[in-house]
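# Can you look at this prediction? I've put the sequence above it.
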Amino acid sequence: MARLPICGDLKDALLIVLALSASLPFLSAPAYSQQTANAGTSSITTSPKADHEDGFPVTDPLVISKCGACHQPDAKGNLSRISWMRTTPEGWEEAIKRMVRLNGLSLESDDARKILRYLSDEHGLAPEEGRPVEYMAEHRMIDEKIPSADIRRSCAGCHAFGRALSWRRSPDEWKLLENMHIGLFPVAEGVAFQFPPRRPGVAPPAPGADTRPPVDQALDYLTKTAALRSPEWADWNARARTPKLNGRWLVYGSQVGKGRVLGEMNIQFNPSGEVFSTITKLNFVNDGSALTETGLGIVYTGYAWRGRSNVQQRGSRADSPTAIREVMMLSEDQSEMEGRWFWGAYDEFGVDVKLRRAGDAPTVLGADVSSLKTGTADNEIRIYGDHLQDIAANDIDLGPGVSVRKIVSKLTSVITVTADVSKAAVSGKRDVAVRNSIARGAFAVYDKIDYIKVAPQTALAHLGGDPHAKGYCQFEAVAYNNGPDGKANTADDIELGPVTAHWKMEEFVSWYGDDDIQFVGSLDEKTGLFTPALDGPNPQRRFSRNNYGDVWVVATLNSSGSGEPLKARSYLVVAVPQYLRWDQPEVSQ
């Protein structure tokens, strides 16, 4: 899930943990209603919509029959509330669950899936609208960009801002969302929606400052940024096509801490369930491990793949999956898919994947190296793809200053070559071209490593045991070159990819006698995998506190070529388990 920037204080860090504590159940506003008792039963009614903006009519008989009793229809075929909202499959599923949980809706599983499918397809988001908030469905941990501190206060104190941006609503609906929060979560009014009373001696706002309450600023922003109607949605409705995905797809990706992942996915459409059956084989280049999985997937709104696969044989490592959830976006021409496949108790492990439809011509996906140093010779490079068995050395282009010396071996899916890098080669990204197929930015050329960063730069892990599973954290050291301007941390810096580093923890001192490093867990000094400690009171700690805490995770690169070791660190919060969680796994079948 998305997170707020982590502060340098355990108190603030624990507040962030609360903000991260799963998907709180207020993504959309339930229908405002009056509940009346009648012969031992209750019914919920809403008045017809009185919005100045035209809604999107609901035409599906099942949706009308199951939802129309509460969401009343009008003469134009609109259903109150529903016709003035659009969102992702995850958003609609959460809304349906809320209707069941709070308003007594009774649905068979098959009907719920059909309703979810219809609403996602006909009241969803266009690809251009869905892409900026795809990290929500992909369960990525990121530092969100929020327009202002006041909007952050209003929306992101309890949940990720992406939850709000995943919806499109009319102005009236955005206002009703505020009302719903106040009705179901009264504390939001004083804690988040309004400014606290100004303390004595505190200077008044600067001239020209926006003094509106934070909630009004947020509603103004969302009404303009996430309006019900948009050119993108109108355009997508006109040109969306039924996904035709049958066949073999090439998989190319990477997993933090494990490196390159290669494989293929065979997809077949199952008309009876309107789902896709999949068989996937993946190979991890660095350690030679492999896995095979079978699964099902659905494409919502013409582009949003949601899948779930079961692994045939689980590995022994903590990051080995038993089941994998797949979130991807299908390209408009239906030739590529891109997204994240994830697993783990907190979805903390994942592979960033790109899929390309297999064809008859040679296809290049990428290389096994992330970077090559200038002035080096006989660099062995493995180029991955499809139909590569007949490729000659002069068919391969590795970019300016990099020349292929010879082909060492050839298989259908991989060519091994040796290459020289000129001492005068310009530092920067290089494409790998094999005949007419190109993998853009497949590796970098550099003259020296200037600095490293630890990914993720701010991180969250969870204590665990029985019955709550542990939430691990995998770290990775990534090297950088300063780029043309010679300055670090500027826009032209060149990412050189993961490097092998030595790992250790250091104390993040937030109070006198801080001892978190002794109790929060262990960090593998070679792999960078953090394993949290057990959950529960620890008699060895002062006051028998739990094992939570915050520490620095430090990476040291000794072989940077610059003479001095390079160091970088990440801030890690180790929190208690999420004792209550809300999720949307059903969208993945």
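Looks like it arrived, so ask away.
# hey, where'd the helices end up in this protein?
10-19, 61-67, 89-103, 109-122, 127-130, 134-137, 149-155, 161-165, 171-184, 187-188, 214-225, 231-239 (DSSP state H).
# Tell me which of those lies nearest to Arg81.
Closest to Arg81 of those, according to C-beta to C-beta: helix 171-184, at 7.2 Å. To be clear about C-beta, it is placed using only N, CA and C from the backbone, and glycine gets the same treatment.
# in that closest one, what counts as buried?
Within helix 171-184, the residues scored as buried using 16 or more other C-beta atoms under 10 Å are Pro171, Asp172, Glu173, Trp174, Leu176, Leu177, Glu178, Met180, His181.
# for stretch 525-540, same thing?
So for stretch 525-540, counting by 16+ other C-beta under 10 Å, buried means Thr527, Gly528, Leu529, Phe530, Pro532, Ala533, Asp535, Asn538.
# for stretch 399-410, same thing?
Gly399, Gly401, Val402, Ser403, Val404, Ile407, Lys410.
# So what touches it?
Applying C-beta atoms under 8 Å, 6 or more residues apart in numbering, the contact partners of stretch 399-410 are 372, 374, 377-378, 380, 388-393, 396, 398, 415-422, 424-426, 430-432, 445.
# if we go to 7 Å?
Stretch 399-410 is contacted from outside by 372, 378, 380, 388-389, 391, 393, 396, 398, 415-422, 424-426, 430-431, 445, using C-beta atoms under 7 Å, 6 or more residues apart in numbering.
# Of the residues you listed, which belong to strands?
Those of those mapping onto strands are 372, 380, 396, 415-421, 430-431, 445, per DSSP state E.
# so which of the residues you listed would you say is closest to Arg248?
Ile415 (19.4 Å).
# about what we covered before: tell me the buried residues within the contacts of stretch 399-410.
Applying 16+ other C-beta under 10 Å to the contacts of stretch 399-410, the neighbour count classes 372, 388, 391, 396, 398, 415, 417-421, 425, 430, 445 as buried.
# got TSV for those, with pLDDT and distance to Gln518 too?
Below are these laid out as TSV (pLDDT from 0 to 100; distance: C-beta to C-beta, whole Å):
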residue	pLDDT	distance to Gln518
Leu372	97	42
Leu388	97	52
Ile391	96	55
Ile396	97	53
Leu398	97	49
Ile415	97	50
Val417	97	49
Thr418	97	49
Ala419	98	48
Asp420	98	50
Val421	98	46
Ala425	97	48
Arg430	97	46
Val445	98	44
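# Among these, give me the pair with the biggest separation.
Applying C-beta to C-beta across the buried ones among the contacts of stretch 399-410, the maximum distance is between Leu388 and Ala425, 24.9 Å.
# gap between Arg569 and Gly257?
Note on Arg569: its distance to Gly257, by C-beta to C-beta, to the nearest Å, is 17 Å.
# Now Leu119: closest residue in space, sequence neighbours ignored.
In space, and not counting its chain neighbours, Leu119 is closest to Trp92: 4.4 Å by C-beta to C-beta, 6 or more residues apart in numbering.
# which stretches of the stretch 51-200 of the chain have low pLDDT?
The stretch 51-200 of the chain contains residues with pLDDT under 70 at 51.
# Surely Tyr472 is in contact with Ala461?
Yes. Tyr472 sits in contact with Ala461 when judged by C-beta atoms under 7 Å, with a separation of 6.3 Å.
# Neighbour count: these two, which is higher?
When neighbours are counted by other C-beta atoms under 10 Å, Tyr472 and Ala461 differ, and Ala461 comes out ahead with 23 against 20.
# Lowest mean pLDDT among the helices and strands, pick that one out for this protein.
Here the helix or strand of the chain ranked lowest by mean pLDDT, DSSP states H and E is strand 34-38, holding a mean of 30.
# quick one: Ala345 and Gly471 touch, right?
Yes. Using C-beta under 7 Å, Ala345 is in contact with Gly471, at 5.6 Å.
# which intervals of the chain have sub-threshold pLDDT?
Residues of the chain meeting the criterion pLDDT under 70: 1-51, 560-562, 582-589.
# domain ranges for it?
Per the record, the chain has its domains at 10-35+42-199+211-235, 247-357, 363-446, 451-575, by automatic domain parsing.
# Bridged to Ala461, which residues?
With DSSP bridges as the criterion, Ala461 is bridged to Val574.
# same check, this time on Gly259
Residues in a beta bridge with Gly259, per DSSP bridges, are Gln255.
# what separates it from Arg340, distance-wise?
To Arg340, Gly259 is 16 Å away according to C-beta to C-beta.
# Look at these two and report which has more neighbours.
Counted by other C-beta under 10 Å, Gly259 and Arg340 do not tie: Arg340 has more neighbours, with 20 against 16.
# Skip the chain neighbours and tell me the closest residue to Asp535.
Nearest residue to Asp535, sequence neighbours excluded (C-beta to C-beta, 6+ apart): Leu463, at 4.0 Å.
# for the buried residues of helix 171-184, which one is nearest Pro484?
Lowest distance from Pro484 to the buried residues of helix 171-184 (C-beta to C-beta) belongs to Trp174, with 45.0 Å.
# Let me see the contact set for that closest one.
Per C-beta under 7 Å, 6+ apart, neighbours of Trp174: Leu219, Leu222, Thr223.
# Reformat the residues you listed into a markdown table and put neighbour count and distance to Ile452 next to each item.
What follows is the contacts of Trp174, written out as a markdown table (neighbours: other C-beta atoms under 10 Å; distance: C-beta to C-beta, whole Å):
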| residue | neighbour count | distance to Ile452 |
| --- | --- | --- |
| Leu219 | 22 | 43 |
| Leu222 | 24 | 39 |
| Thr223 | 17 | 43 |
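# tell me which of those is nearest to Trp167?
Leu222 (8.3 Å).
# I figured that closest one was touching Phe161, is that so?
No. Taking C-beta under 7 Å as the definition, Leu222 is not a contact partner of Phe161, at 9.9 Å.
# possible to save the buried ones among the contacts of stretch 399-410 as TSV with distance to Lys453?
Shown next, in TSV, are those (distance: C-beta to C-beta, whole Å):
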residue	distance to Lys453
Leu372	20
Leu388	34
Ile391	36
Ile396	31
Leu398	26
Ile415	32
Val417	30
Thr418	30
Ala419	27
Asp420	29
Val421	24
Ala425	24
Arg430	21
Val445	20
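# burial of the residue nearest to Ala192 when sequence neighbours are not counted, as a residue count?
Closest residue to Ala192 apart from its sequence neighbours, by C-beta to C-beta, 6+ apart: Gly157 at 5.0 Å. When counting by other C-beta under 10 Å, one arrives at 17 neighbours for Gly157.
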